[in-house]
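A.B. asks: Sharing a model prediction with you, sequence too.
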Amino acid sequence: MESPDRPARMSKRSFLFGAVAGGCALQAAHWAAPAVLGRLRGTPPHQVTFAQCGEDLIVSYILSELGVDRPTYIDVGAYHPYEINNTYLFYARGCRGILVEPNVDMIPLLRRERPGDTTLNVGIGLTSATEADYYRINEPSWNTFDKDVAEHYVKSSGGEKKIVEVIKVPLVNINEVLARHHGGVCPDFVSLDVEGLELDILKSLDWSRYRPKVVCIETLVTNTRRQKLEAVEFLVGKGYVARGSTFVNTILVDGSLLT
C-alpha cells in the first residue's frame, strides 16, 4: 500500500485526469501542498481548485449567489485532505466542517493537514448495525462498504484491482453525526463520495431536520463512462435542482432557494 502522504499513481479519483484535463485545466492546484497555499492567497479565487473537475469552484459560486460567504460542510468519503477534494478550497478560506473517512490509513494525514475540521474515522451507517464489512482495494481510494461495487472493480479492471482484505469498520448514522458534531444544524454543503452508497445515505438523512443548500454527489460509475443517476433522481424528488455537472459529479441546489 502506498504511503498516504504520497498520491497514488492512479486513483479512482484521477484515472480520468488525462481525458478531462483539457476541460479542467485548473486542476494544477490539486497537487499544491498546504505549504504552497501562501503563494496562492493572492490569486483570484476563480483560478484555484482542489476538486477533480472544478466542483469546488462551482459550489463556491452557487453558495455566493445564495449569500453564503463562509459555508459549513460535511465531506463523506473525504479520503485525502486536499488532493482532488471537494471541500479543501473552503477550508483554505477559513471555513470549517466535518470529514468522514473510514480508511484508517488516511486519518493521521487528514487530522494533521486539517486540524480545524472534525475528522471521524467511521463509515456512515444505513441500518441499526454498529459495524460493517469494509472492502480494502489495492488502490485505497477505491475502498468501499459495498461488496457488489468491490467485485465490480475487480471485474471491470480485468483483475488489476484486487480486494486485499475485508475488515470491520464502525458505523454511525449521518443524523447522529450531525447531531453530535454539528449542533444538530445542517451544513450548507454536503459532498458524497462513497463508492455506490450515495443513494442509501441520502435516504437515511432525516429530511425533516436537515436540508443542505448544495449537494455534490459522484455520478460516474467507476472504471466506466456511464452515469448512475438514482441519487440525482431522489434529490430531484426532494425539490433539488441540478445546477452543475462534470464528467464525474453532479451538483444540486435546494430549489426553494432559487425562487
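C.D. replies: Everything's here; your move.
A.B. asks: C-alpha from now on. contacts and neighbour counts both.
C.D. replies: Fine.
A.B. asks: quick one, what contacts residue 151?
C.D. replies: residue 163 (C-alpha atoms under 8 Å, 6 or more residues apart in numbering).
A.B. asks: ugh, typo on my part, it should be residue 217
C.D. replies: Residue 217 makes contact with 191, 192, 193, 198, 231, 232, 249, 250, 251, according to C-alpha under 8 Å, 6+ apart.
A.B. asks: Switch those residues over to CSV; also include secondary structure, distance to residue 205 and pLDDT.
C.D. replies: Shown next, in CSV, are these (DSSP: H, G, I helix; E, B strand; the rest coil; distance: C-alpha to C-alpha, whole Å; pLDDT from 0 to 100):
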residue, secondary structure, distance to residue 205, pLDDT
191, strand, 13, 97
192, strand, 12, 95
193, coil, 16, 89
198, helix, 11, 89
231, helix, 13, 95
232, helix, 15, 96
249, strand, 20, 96
250, strand, 19, 97
251, strand, 18, 98
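A.B. asks: got the CA coordinates for the longest strand along the chain in CSV?
C.D. replies: Counting residues, the longest strand found in the chain (DSSP state E) is strand 163-173. Presented in CSV, the C-alpha positions along strand 163-173 are these (Å, rounded to 0.1, in the frame of the first residue of the first chain):
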residue,chain,number,x,y,z
ILE,A,163,-9.7,-6.9,-2.8
VAL,A,164,-6.8,-7.2,-0.4
GLU,A,165,-8.8,-7.7,2.8
VAL,A,166,-12.2,-7.2,4.4
ILE,A,167,-12.3,-5.6,7.8
LYS,A,168,-14.9,-4.5,10.2
VAL,A,169,-15.3,-0.7,10.5
PRO,A,170,-17.6,1.2,12.9
LEU,A,171,-20.7,2.8,11.6
VAL,A,172,-22.5,6.0,12.7
ASN,A,173,-25.8,7.2,11.3
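A.B. asks: contacting residues around it?
C.D. replies: 102, 122-127, 129-138, 150-151, 154, 204.
A.B. asks: Of those residues, select the buried ones using a ChimeraX command.
C.D. replies: Provided next is the ChimeraX selection string for whichever of the contacts of strand 163-173 are buried by 16 or more other C-alpha atoms under 10 Å:
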select :102,122,123,124,125,126,131,132,134,135,136,137,138,150,151
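A.B. asks: Right, I'll leave it there.
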